[in-house]
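Visitor: Sequence and predicted structure are below.
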Amino acid sequence: MRDRKRVAILISGRGSNMRALVDQARNYEVALVASNKPGAAGLAWARERGLATWSLESKGADKQEYDQTLSAALEEYSIGTIALAGFMRILSPWFVDNWAGRIVNIHPSLLPKYRGLDTHARAIGAGDTLAGCSVHLVTEELDAGAVLGQAQVPILGDDTPGILEQRVLAAEHRLYPEVLNEFVLR
Ligand code: GRF
């Protein structure tokens with residue numbers, strides 16, 4: 001049985017947002033940390049914390065088969081909410097449909113601006129004075145689902161994409177848990 005308060009966090013890399021979601025959980029339990037990269041740094045942290053983990057390399061796998069295997073793992077843990085946190089893989093329409101309305105993601109821009117990659121370089125290049133991050137529902141179209149919450153940070157005169165990334169990341173670590181703590185109640 002799916003339980004909305006049982007959250008799976010899906011990661012591919014360092015997992016700093018995952019750590020923030022674990023540390024600031026109030027209304028949900030992180031019941032599983034899953035990754036398409038068995039070597040993801042975030043997985044080691046999750047294991048050390050005693051969290052349940054699941055991983056399976058996605059490279060070379062059949063997309064739909066992979067997503068069915070992932071989905072079955074989530075069902076086994078009675079997951080009802082999926083939080084993508086640096087999960088660098090586009091989910092199949094089948095998966096998104098199967099979990100419709102229950103997948104959220106954090107994106108490092110003020111959506112609808114700068115969907116996709118290289119958001120910080122693009123914001124600086126455009127001469128923007130504000131950047132930020134958005135938590136949004138995941139739909140079939142990349143970074144296009146309803147925005148659930150946003151946080152803004154300034155872009156300063158001598159910012160490089162790397163400096164801006166750190167400022168936005170700090171905002172992500174506050175925003176994502178705040179939004180997820182509310183989202184699991186609905
Ligand atoms: C973050 O910038 C997030 O907004 C984006 O991917 C990055 C993940 O970083 N979706 P981390 O693995 O959470 O540190």
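Guide: Yes, it's here.

Visitor: How about the contacts made by the nearest residue to residue 162 once chain neighbours are set aside?
Guide: Nearest in space to residue 162, with sequence neighbours left out and distances taken as C-beta to C-beta, 6 or more residues apart in numbering, is residue 120 at 7.8 Å. Yep, even glycine has a C-beta here, placed from its N, CA and C like the rest. Taking C-beta atoms under 8 Å, 6 or more residues apart in numbering, we find residue 120 in contact with 108, 131, 161, 162, 164, 165, 168.

Visitor: Return the closest of those with respect to the ligand.
Guide: Taking C-beta to the nearest ligand atom as the measure, the ligand sits nearest to residue 108 out of the contacts of residue 120, at 3.9 Å.

Visitor: Touching, that closest one and residue 171? I think so.
Guide: No: using C-beta atoms under 8 Å, residue 108 is not in contact with residue 171, being 9.1 Å away.

Visitor: Who has more neighbours out of those two?
Guide: Legend: neighbour count by other C-beta atoms under 10 Å for residue 108 and residue 171, higher for residue 108 (23 against 17).

Visitor: I would like the residues contacting stretch 174-186, please.
Guide: So stretch 174-186 is contacted by 4-5, 7, 17, 20-21, 23-28, 80-81, 83, 85, 104, 106, 133, 135, 148-151 (C-beta under 8 Å, 6+ apart).
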